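Engineer: the sequence isn't on hand, but the structure is:
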């Protein structure tokens, strides 16, 4: 079913339509070769997408969260890997723009202008083996030194690091006054002490090249510490700047992949003359319904974020639970769409020379991305029952901050 878009949404979709066909043409080769699609990023830059979510006043195209979801869904229908990698840049930039529009903070304007000028490509790299995907702690260690911190550790799922210039990451800091804290740091990926190890060889989303990132005694300047929260706590700032924007972006990517598979299946149905088959119609109806449920959930969430109702009416845990709900509804429904389409496609769904097989593998990655089904269900169920899963930190002004975001990138 076609989505009824605003004039802005139609404009950004038309722009995405100019580059998406080339992504689709290259997708199978990069999947097979396990390589990053650098050409796709050349196309993204040329079309202005690296500044899509930068405010117009700062040199960008001015897209908001809802506009970004339209673009990510379209890109993912062509190539899920490119869309997911691009989301790792566009989602945080979108959250900065959201904060800047409210505050006019020049420290936020600086990285936004860098993105608009093509000097900054971003990635968010908090994930570590053996830690919660709610980012409550880190194995990467930070110690105070003159002028900043030294950090050492290994991060996995480093999506977009093939092209990123900078990233946000996390480390555990044993604060002598406030106790163990999870700190958020901005890292220049060209710095001595940063290396990318080519570990990525996976079932799906192969072209994301989400390799490991190793920090070996990396110096991070004091001004690049942008946040801190006690270890083991949910946090209002992480909710607003990370989960609330990342969750729908992940959801849009996997909705788009399933939508691409649905479009291809419809083409096969027409080619085989099966359009009047009642069983085929039933499967397509279910797939269309699930996709429309995803879109409804995504755009409600975008509206709740943009209007700030999500942050003003819900507590931190309930807000994070809402983000988990959005991501997991979308990824679970995407996986179900793929299973239903197998009933229609039969053996062609299993043939590697056909695009469906790659889309099926790519969709499976959504089931393990944060926030996972198990963690999400715990949050949703506990919140509905008024049970605190872990403590939550609301207004960070109620205690001294370690530092604030600076302008050294």
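Structural biologist: Right, received. Where do you want to start? Since the structure is predicted, the reported quantities are computational estimates derived from the model, not experimental observations.

Engineer: care to break the chain down by domain?
Structural biologist: Listed by automatic domain parsing, the domain ranges of the chain are 7-120, 125-233, 234-389.

Engineer: which of those sits closest to residue 1?
Structural biologist: Nearest to residue 1 among the domains of the chain is domain 234-389 (5.2 Å), distances taken as CB to CB. Placement of C-beta: from N, CA and C, glycine included.

Engineer: what helix or strand does the closest residue in space to residue 309 that isn't next to it in sequence sit in?
Structural biologist: What sits nearest to residue 309 in space, not counting adjacent residues and going by CB to CB, 6 or more residues apart in numbering, is residue 303, at 7.9 Å. Using DSSP states H and E, residue 303 falls within helix 278-306.

Engineer: next SSE downstream of the host helix or strand of residue 114?
Structural biologist: Element membership for residue 114 (DSSP H and E) is helix 106-116. On the C-terminal side of helix 106-116, the closest following helix or strand by DSSP H and E is strand 122-125.

Engineer: ok, back up a step: buried set for the next helix-or-strand element following the helix holding residue 303?
Structural biologist: Note on helix 278-306: by DSSP H and E, the next helix or strand toward the C-terminus is helix 309-313. The neighbour-count check on helix 309-313 (16 or more other CB atoms under 10 Å) flags 310-311 as buried.

Engineer: what residues does helix 309-313 touch?
Structural biologist: Contacting residues not belonging to helix 309-313 are listed as 236, 239-240, 244, 301, 303-305, 319, 322 [CB atoms under 8 Å, 6 or more residues apart in numbering].

Engineer: ok, which stretches of the stretch 301-409 of the chain are helices?
Structural biologist: In the stretch 301-409 of the chain, the helices defined using DSSP state H, counting those that start in this stretch lie at 309-313, 316-345, 355-364, 373-384.

Engineer: turn these into CSV, including distance to residue 46.
Structural biologist: CSV is the format used below for the helices of the stretch 301-409 of the chain (distance: least, CB to CB, whole Å):
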stretch, distance to residue 46
helix 309-313, 35
helix 316-345, 29
helix 355-364, 25
helix 373-384, 38
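
Engineer: test for you: state the pLDDT assigned to residue 338.
Structural biologist: pLDDT, residue 338: 98.

Engineer: ok, it - contacts?
Structural biologist: With contact set as CB under 8 Å, 6+ apart, residue 338 has these partners: 258, 261, 359-360, 363.

Engineer: so which of those residues is the most crowded?
Structural biologist: Using other CB atoms under 10 Å as the neighbour test, these are led by residue 258, with 33 neighbours.

Engineer: to residue 188, which of the helices of the stretch 301-409 of the chain lies closest?
Structural biologist: Residue 188 sits nearest to helix 316-345 of all the helices of the stretch 301-409 of the chain, at 28.6 Å, using CB to CB.

Engineer: tilt between the helix holding residue 303 and helix 316-345?
Structural biologist: 160 degrees (axes from the mean of the first three to the mean of the last three CA atoms, to 10 degrees).

Engineer: element containing the residue positioned nearest the centre of the chain?
Structural biologist: Residue closest to the average C-alpha location in the chain (CA atoms, centre = their mean): residue 246, at 4.2 Å. For residue 246, the host element (DSSP H and E) is helix 244-272.

Engineer: angle of that helix against helix 373-384?
Structural biologist: Interaxial angle, helix 244-272 versus helix 373-384 (the same axes, to 10 degrees): 120 degrees.
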